[in-house]
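>>> Need the 3D shape of this:
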Amino acid sequence: MIRIISIFLTFCLAGSLSAQETAPAGFDVFNDKLDDALIGLKMVRSDLSLRDDYIEKDTYRLKLIDSLMNAPLEMINLSQNLLDGDVPGYADHLGVNFEQLAFPDRNPEPHVKKYFKPKKVDKLTLHRIDFFLSRIEQITELEIFDEQNAGLLDSLAYGFMLMFEEDVEDEFRTAEQRDSIQQYEEEWADVLKDIAGSVNLESIGLAGQAFLDVFSDFIINDEFDIQLKSDYVEFKTAFGKVCVGDTSAQHYSGDLFIVIDYGGDDIYDIHKAVTGNFTFILDYGGNDTYNLPKARINPYSFGANVLVDFNGDDLYNASSWGLGAGLLGTGILWDKKGNDKYFGDTFTMGAGCFGYGLLRDDGGDDFYNAALRSQGFGSVKGVGVLIDSLGNDHYFAGGKYRDIFHFKGHNMSLSQGFATGIRPYMSGGAGYLIDKSGNDTYESDVFGQGCSYWWSLGVLADGGGNDKYLSYLYAQGSATHMSLGCLYDRSGDDFYLAHGVSQGCGHDYAAGILYNASGNDDYVGYDLSQGAGSANGIGIIADLEGIDSYLVKKADNTQGYGNPRRDYGSIGIFLDIGGAKDSYAGGPGTDSTWWSGSKWGIGIDE
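Model (predicted):
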């Protein structure tokens, strides 16, 4: 089995993070015109680089972040590879050899025999139950779970919850009360930095990696009809309840550990007890409803939750820490077919911090609704991935937690291919939203849609369809404070709407790129957008084909703008390549023209 895991991970890494033979659409033309623009700025391509040591490196920095800071244009290749490869893995982001950390095969007596006499359950189902049980026992034997670490682990679970949760009541608190809360959180951040450095937290995320073999093993990839030889079976283990369902509708409730259900319109009401931080569900058919635990503290910290649904129009209800969320652990949700609806609050739908979170949906017209830090969110030593392969999908992030400190009347999103660190204590992670096809709609408010903050990488990659990108600020290929953000759209007639620090904008030693390979597209912005560099940042917007329109409100810092700061400049590049009769309003751009309104900014329409 370990050999299967290694082969699968090698395939994933080759497909997602390394160069492939197929270059991004229009990439050769892009490079040629980029070189022309740089000549106009008396620069070369190697000048589009940022350092990885503006501040002293902490131990939480991902090697991928440092590599892309030195060569931010590689975000375009990475985005293409995300669309054409397989699911991004976790071990590669940490720069470790997974085989050295994998679990050995033991071949003991079936674990399930410890808990009940398996006379009424078929051998195939027994094998699946035993697979999860054996993995759990190996994870719980890791040294990190020694009693001497118990207090530290509890502090980490509580502390990171404080870092990520928000309270709708904060909007109505006094300035003094909000300052007190912020000071408390900063004190905890300083504590977390020290605690996390004293515990081998990498083993937590890598332990969960052992469950990724379900993606290549027949446990997941079999599509045949299964004839059961038993009725409903239920029994208890040290880790929670195990249920085997038949093809009729079932209502599963309580502290669920393992559920294997072969059909029917089922309801899952999961309430985690203190018996263990693990839940594994395989559901082979039916229009199902999943109600995940609603708890302030993540019930799956230092554990794993894997949910795979093979077919049906399903409804997923969660508050926080669920639906493919790996906070100090691993969360995997894979829905293979159906028109599905996902509802969550914070840190959900493909979110990772000191762990790995994956939501994968292979088909159907789906709806994703979350409030905060979701839909491809990565934070410290974490990777969060939402990947949707087919269908006309709608992504919404925000609508609940007000941005009370900066932009009153707007809500925070921090989602949809967004990543962040904990400034100034810990570098961030990687967040990916990957949608391979369909006419999709993306809605966020403040921070989202291929965006990042503090030594992180955020990517939104869309493979095709007529898409709508709607946001307010810090969005659509935007990066701030020593980080990297990219929005990559391969084809379709698309519409982009944002206010500012968006649409290819890098602010404060950061690089933001919006790359649209083809289609008749419309872009609407206000300021610091459409190829803008600010405070020594790099901002690039590139549209390679089609008849396009560009509207901005401010002409002096958009469409190819770079301002001076700290004795040298910022770089802003606007490229519209191909197509005729593009239209411009409000900014310096003009069809079939070169322009430069700032010392380190340039625009080209050809």
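>>> Going by C-alpha atoms from here, please, whenever you check contacts or count neighbours.
Will do.
>>> Low-confidence stretches in the stretch 251-400 of the chain?
Where the stretch 251-400 of the chain drops to pLDDT under 70, the residues are 273-276.
>>> Repeat the analysis, applying 90 as the threshold.
Low-confidence segments of the stretch 251-400 of the chain (pLDDT under 90): 262, 272-277, 294-295, 302-304, 329-330.
>>> helix, strand or coil for the closest residue to Q80 other than its chain neighbours?
Closest residue in space to Q80, ignoring its immediate chain neighbours: P24 at 5.6 Å, by Cα to Cα, 6 or more residues apart in numbering. Three-state assignment for P24 (DSSP: H, G, I helix; E, B strand; the rest coil): coil.
>>> Please name every helix or strand in contact with the host helix or strand of I129.
Under the criterion of DSSP states H and E, I129 resides in helix 123-140. Secondary structure elements in contact with helix 123-140, counted by 3 or more Cα pairs under 8 Å, 6 or more residues apart in numbering; DSSP states H and E, are strand 256-261.
>>> Report the strands that pair with the next helix or strand after the strand it packs on, each with its relative direction.
Per DSSP H and E, the first helix or strand lying C-terminal to strand 256-261 is strand 267-270. According to DSSP bridges, strand 267-270 forms sheet pairs with strand 251-254 (parallel), strand 289-291 (parallel).
>>> Which one of these lies nearest to I540?
Distance to I540, taken as Cα to Cα, is lowest for strand 289-291 among the strands paired with strand 267-270, at 41.9 Å.
>>> I260 is in contact with D283, correct?
Yes. Using Cα atoms under 8 Å, D283 is in contact with I260, at 6.0 Å.
>>> Now do D345: how many residues are near it, please.
Around D345 there are 23 other residues, counting by other Cα atoms under 10 Å.
>>> start the count at 163, not 1, going forward
Let's use 163 as the start, then, which means that last one is D507.
>>> My guess is it contacts Q537. True?
No. With contacts counted by Cα under 8 Å, D507 stays clear of Q537, the gap being 10.7 Å.
>>> just to revisit the earlier point, what angle separates the helix holding I291 from strand 418-423?
Interaxial angle, helix 285-302 versus strand 418-423 (axes from the mean of the first three to the mean of the last three Cα atoms, to 10 degrees): 160 degrees.
>>> Check which residues of the helix or strand that comes right after helix 285-302 are buried.
Using DSSP H and E, the helix or strand that follows helix 285-302 in sequence is helix 312-326. For helix 312-326, burial by neighbour count (16 or more other Cα atoms under 10 Å) applies to L314, L315, S317, L318, A319, Y320, G321, F322, M323, L324.
>>> Following helix 312-326 in sequence, what is the next regular element?
helix 337-360.
>>> Okay, buried residues for that next one please.
For helix 337-360, by 16+ other Cα under 10 Å, it's R340, E347, E348, W350, A351, L354, K355, I357, A358.
>>> elements contacting that helix?
helix 312-326.
>>> mean confidence score for the helix it packs on?
Mean pLDDT, helix 312-326: 93.
>>> and what of stretch 333-346?
For stretch 333-346, the mean pLDDT works out to 92.
>>> And stretch 586-595, by the same measure?
97.
>>> any idea how far that stretch is from the chain center?
10 Å (Cα atoms, centre = their mean, to the nearest Å).
>>> That stretch: end-to-end distance?
26 Å (Cα to Cα, to the nearest Å).
>>> buried stuff in that stretch?
Those would be Y587, M588, S589, G590, G591, A592, G593, Y594, L595, for stretch 586-595 by 16+ other Cα under 10 Å.
>>> Out of these, list just those in strands.
A592, G593, Y594, L595 (DSSP state E).
>>> Pull the most distant pair out of the buried residues of helix 312-326.
L314 and L324 (15.3 Å).
>>> Name whatever forms a beta bridge with Y615.
Note on Y615: beta-bridge partners by DSSP bridges are T582, T642.
>>> who's in contact with it?
Contacts for Y615 (Cα atoms under 8 Å, 6 or more residues apart in numbering) come out as A581, T582, G583, G590, A641, T642, H643, M644, S645, L646.
>>> Out of those, grab the one that's most surrounded.
Using other Cα under 10 Å as the neighbour criterion, A581 leads the contacts of Y615 with 41 neighbours.
>>> Thought S589 was touching that one, still the case?
No. Using Cα under 8 Å, A581 is not in contact with S589; the gap is 10.1 Å.
>>> Quickly list what's touching both of these two.
Any residue near both A581 and S589 by Cα under 8 Å, 6+ apart counts here, and that gives S541, S618.
>>> so where do the helices sit in the stretch 613-762 of the chain?
With DSSP state H, counting those that start in this stretch as the criterion, the stretch 613-762 of the chain has no helices.
>>> Low-confidence bits of it, can you list those?
Ranges of the stretch 613-762 of the chain meeting pLDDT under 90: 725-731, 740-742, 759-761.
>>> ok so, going back, looking at the buried residues of helix 312-326, which is nearest N698?
Closest approach to N698 among the buried residues of helix 312-326 (Cα to Cα): F322, at 31.2 Å.
>>> List the contacts of the closest one.
So F322 contacts L354 (Cα under 8 Å, 6+ apart).
>>> Surely D190 is in a strand?
No. D190 sits outside any strand when classified using three-state DSSP, being helix.
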